[in-house]
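Engineer: Sharing a sequence plus its predicted fold:
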Amino acid sequence: MKKGLFALLSLLLVVALAGCGSKNAEDKSAAGGKDMETITVGATAVPHAEILKHIQPTLEKEGVKLEIKEFSDYVQPNVQTFQKQLDANFFQHKPYLDDENSTRKMDLVPVVAVHVEPLGAYSKKHKSIDELPDGAVVGIPNDKTNGGRALALLEKNGLIKLKDDNMIQATVKDIVENPKNIQIKELDAAMLPRQLSEFDLAVINTNYALDAGIDPVKDALFMEDKDNPYANILVARPDNKDSDAMKKLAAALTSDDVKKFIEDNYKGAIIPAF
């Protein structure tokens, strides 16, 4: 009985070791005989994770195994990158990163700018801003930078007037003229598309609009200019921003192949920033 058990355990050990050897061989084969280096990146689903998935085969050929962890919020990707649970993240623009670094006492750094996602204003109740009634309820993101962007967009389209033109950090307290008496409701950015029917108008981040099946080019009543300063960036830490794997990731994200992928798949809703 003991001999049989020993033989079985020995066989299982041999199989396990063979499996490990096979996996290591596969990794080395994919990397041209070199050990693969793994890099884990946090991203929101659309378009960030889609872009990352597109470049996985390219990076694998260069010896980098790209693992993608998807998020539905704008807080945890930075927190987990700072805490070294992630190597990097890809979901935000620099003004948002600067605010998060200041608020949460972090020192995350931008690596490369990849694309621009113009904010858009959407409605299920009205076909133009001229149809907005007096006292219309308008939803905007509740974080500082995207909330400020939303207010600047409303101002540009004549719905409100801010005390300073195009204030990046504007809040509802900075509204000095409101001819239609619109009611501004601040909500988590991810929730705005889900609750769009509850608003007369909602200003929504393009990634969340796309994720909800909204076509920014066709469905937006109005959008930010495409040459706005809010390019979405790859973000890392000071201790790994110059690593070989990070450089390969940055190069892949700003390649001609990715530019074509963005242009072909998002049809102007998202614009390459390189």
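Structural biologist: Sure thing, it's come through. Worth saying up front: this structure is predicted, and the values here are computed from it rather than measured.
Engineer: name the element Ala170 belongs to?
Structural biologist: Under DSSP states H and E, no helix or strand contains Ala170.
Engineer: Ramachandran angles for it?
Structural biologist: The phi/psi pair for Ala170 (degrees, to the nearest 10) reads phi -60, psi 150.
Engineer: give the contact list for it.
Structural biologist: 147-148, 151-152, 162, 164 (CB atoms under 8 Å, 6 or more residues apart in numbering). Glycine gets a C-beta too; all of them are placed from N, C-alpha and C.
Engineer: Can you tell me the closest non-neighbouring residue to the most centrally placed residue in the chain?
Structural biologist: Centroid-nearest residue in the chain, with CA atoms, centre = their mean: Phe91, separated by 2.1 Å. Excluding its sequence neighbours, the residue lying closest to Phe91 (CB to CB, 6 or more residues apart in numbering) is Thr44, at 4.5 Å.
Engineer: about what we covered before: so which of the contacts of Ala170 wins on neighbours?
Structural biologist: Leu151 (26 neighbours; other CB atoms under 10 Å).
Engineer: Please tell me the pLDDT value assigned to that residue.
Structural biologist: What the model reports for Leu151 is a pLDDT of 97.
Engineer: didn't it look like it was pressed against Asp164?
Structural biologist: No: applying CB atoms under 8 Å as the test, Leu151 and Asp164 come out as separate, 10.9 Å apart.
Engineer: list residues touching both of these two?
Structural biologist: Residues touching both Leu151 and Asp164 (CB under 8 Å, 6+ apart) are 170, 174.
Engineer: tell me which helix or strand of this structure sits lowest on mean pLDDT?
Structural biologist: When each helix and strand of the chain is scored by mean pLDDT, DSSP states H and E, helix 2-30 comes last, with a mean of 48.
Engineer: Could you give the backbone dihedrals for Tyr230?
Structural biologist: Phi and psi for Tyr230, reported as degrees, to the nearest 10, are phi -100, psi 60.
Engineer: ok, it - contacts?
Structural biologist: Counted by CB under 8 Å, 6+ apart, Tyr230 has contacts 93-95, 116-117, 149, 224.
Engineer: What distance do you get for it to Val111?
Structural biologist: 16 Å (CB to CB, to the nearest Å).
Engineer: Likewise for Leu234?
Structural biologist: 4 Å.
Engineer: out of those two, which sits in the busier spot?
Structural biologist: Leu234 (25 against 20).
Engineer: In a strand, the more buried one, correct?
Structural biologist: Yes: assigned with DSSP: H, G, I helix; E, B strand; the rest coil, Leu234 falls within a strand.
Engineer: ok, it - contacts?
Structural biologist: 41, 88-90, 110-112, 114, 249-250, 253 are the contacts of Leu234 under CB under 8 Å, 6+ apart.
Engineer: Serialize the residues you listed to JSON lines and add fields for distance to Ile68.
Structural biologist: JSON lines is the format used below for these (distance: CB to CB, whole Å):
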{"residue": "Val41", "distance to Ile68": "6"}
{"residue": "Ala88", "distance to Ile68": "11"}
{"residue": "Asn89", "distance to Ile68": "10"}
{"residue": "Phe90", "distance to Ile68": "9"}
{"residue": "Pro110", "distance to Ile68": "19"}
{"residue": "Val111", "distance to Ile68": "16"}
{"residue": "Val112", "distance to Ile68": "17"}
{"residue": "Val114", "distance to Ile68": "15"}
{"residue": "Leu249", "distance to Ile68": "11"}
{"residue": "Ala250", "distance to Ile68": "16"}
{"residue": "Leu253", "distance to Ile68": "13"}
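Engineer: Next step: those restricted to strands.
Structural biologist: Assigned to strands by DSSP state E, the following of the contacts of Leu234 qualify: 41, 88-90, 110-112, 114.
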